[in-house]
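> okay, sequence plus prediction incoming.
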Amino acid sequence: MSKLTSTKDVYKITLPTPFAVGDVNVYVVKGDTLTLIDAGAKTEEAWQSFNEQLGQLGYKPSDIEQIVITHHHPDHVGLLDYFSKDIPIIGHPKNQPWISQDKQFFVDNEPFYKDLFNQLGLDPAFVALIDMDEEFKYSCRRSLTTTTGEGDTIDGLTGFKVLETPGHAQSHIVLYREEDGMLIAGDTLLAKISPNPLLEPPQFGETARPRPLIQYNNSLRKLLTLDLSKVVTGHGDDIVNPHDLIQERFVSQKERAYYVLEMIKKKPMTAFEVCTQLFPRVYLKQPLFTVSETVGQLDFLEEIGEIKIEVVNGQYIYHAN
């Protein structure tokens, strides 16, 4: 049975992934230029499914004229490796070291991660569980041909404007069409789950660690300023009541943060100690996701003045105010 759905000239294709998040949605936009938004994870199963569903639209992969990526995560870029070396690939500049798997970028950032993991109080045995290589085998080794950013338009995607929405990823963009209120949201807003605010190193001369949950909340506030009629997403169903959903996200976000605050009120803790209490069943299985989520909650509480940090031997100890 076909998974294809469409809105005007935007067609959704749903592809399998090897990740816990499940299927990923990519989009074919029939504009002046036949454009693919995102590309799925690099598996033969995903590529076959993509070919079958694209065929139902009357196209083959060689008909795709350009690819826009909403962000650099493997489930959104892996199949880029299956496309012609000549196809234009468009995205935010912060995608580049990730999608090209730039070894020097990772070498340069080893001190950042070492310091960060020490600050968070991570047990060395736990750090050993954080294996990015496992995810990267489903990613790609490609390069952007064109970069894009806030307020830009993309040739061939008439009516769509690029908006930067960092948080889930530093490279994240969305595409907004004011004419009918449509948003191609990637993972910035999902119907059933709140995307994880993943920890990343600073880039392009930034000196401080990005605070992804703070950024994510600001990205959601940006979406609240738009006249949105329908949001198509990177995973799961379309969203027809986006403003209501964003307000619900803010409420649940605050509830999670205050749950963490109650822990810290009982005794000062490192981020790792909070993580093991917050995610006792999954922190060993999903180390990067659970640590990122924990740090996000702590950043949020610090931002609103509920907690303060004491530095002891390079480790951050969080105290309630």
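Received it, and whenever you're ready, just let me know what you need.
> with adjacent residues omitted, what lies nearest to Arg211?
Leaving aside its sequence neighbours, Arg211 sits nearest to Asp299 (Cβ to Cβ, 6 or more residues apart in numbering; 4.5 Å). (Each C-beta comes from the backbone N, C-alpha and C, glycine too.)
> what residues are up against the one you found?
Counting by Cβ atoms under 8 Å, 6 or more residues apart in numbering, Asp299 makes contact with 211-214.
> what about Arg141, how many neighbours?
12 (other Cβ atoms under 10 Å).
> kindly report the same for the one 3 residues further on.
Other residues near Leu144 come to 20 when the count uses other Cβ under 10 Å.
> repeat that for Trp98.
The tally of other residues near Trp98 (other Cβ under 10 Å) stands at 24.
> what residues are up against it?
When contacts are counted by Cβ under 8 Å, 6+ apart, Trp98 touches 72, 77, 139, 171.
> a helix runs through Gly149, doesn't it?
No: Gly149 sits outside any helix when classified using DSSP: H, G, I helix; E, B strand; the rest coil, being coil.
> got a list of what it touches?
By Cβ under 8 Å, 6+ apart, Gly149 lies in contact with 92-93, 162, 164, 173.
> pretty sure Gln286 contacts Ala20?
Yes: at 7.3 Å, Gln286 and Ala20 qualify as touching, with contact defined as Cβ atoms under 8 Å.
> which of these two has more neighbours?
Neighbour count, other Cβ under 10 Å: between Gln286 and Ala20, Gln286 has more, with 16 against 9.
> coming back round to it: what strand or helix carries the residue nearest to Arg211?
According to DSSP states H and E, Asp299 maps onto helix 287-303.
> after that helix, next one along is what?
Next along the chain after helix 287-303, taking DSSP H and E as the criterion, comes strand 307-312.
> residues in contact with that following strand: which ones?
261, 264, 268, 298, 301-302, 316-321.
> ok, the contacts of Asp299 vs Glu134, which is closest?
Nearest to Glu134 among those, counting by Cβ to Cβ, is Pro212 at 21.1 Å.
> residue contacts, the closest one?
166-168, 170, 197-200, 292, 296, 299.
> redo that, cut-off 6 Å
Contact analysis of Pro212 by Cβ atoms under 6 Å, 6 or more residues apart in numbering lists 167, 197.
> also Val29?
Residues in contact with Val29 (Cβ under 6 Å, 6+ apart) are 10, 35.
> if we use 7 Å, what do you get?
Contact analysis of Val29 by Cβ atoms under 7 Å, 6 or more residues apart in numbering lists 9-10, 35, 37, 157.
> which one of these is nearest to Gln101?
When the contacts of Val29 are compared against Gln101 (criterion: Cβ to Cβ), the nearest one is Ile37, at 21.9 Å.
> circling back: out of the contacts of Val29, which are buried?
Among the contacts of Val29, those buried by neighbour count (16 or more other Cβ atoms under 10 Å) are 10, 35, 37, 157.
> how many other residues sit next to the residue nearest to the third one when sequence neighbours are not counted?
For Ile37, ignoring the flanking residues on the chain, the nearest one in space by Cβ to Cβ, 6+ apart is Tyr27 at 4.1 Å. For Tyr27, the neighbour count with other Cβ under 10 Å is 22.
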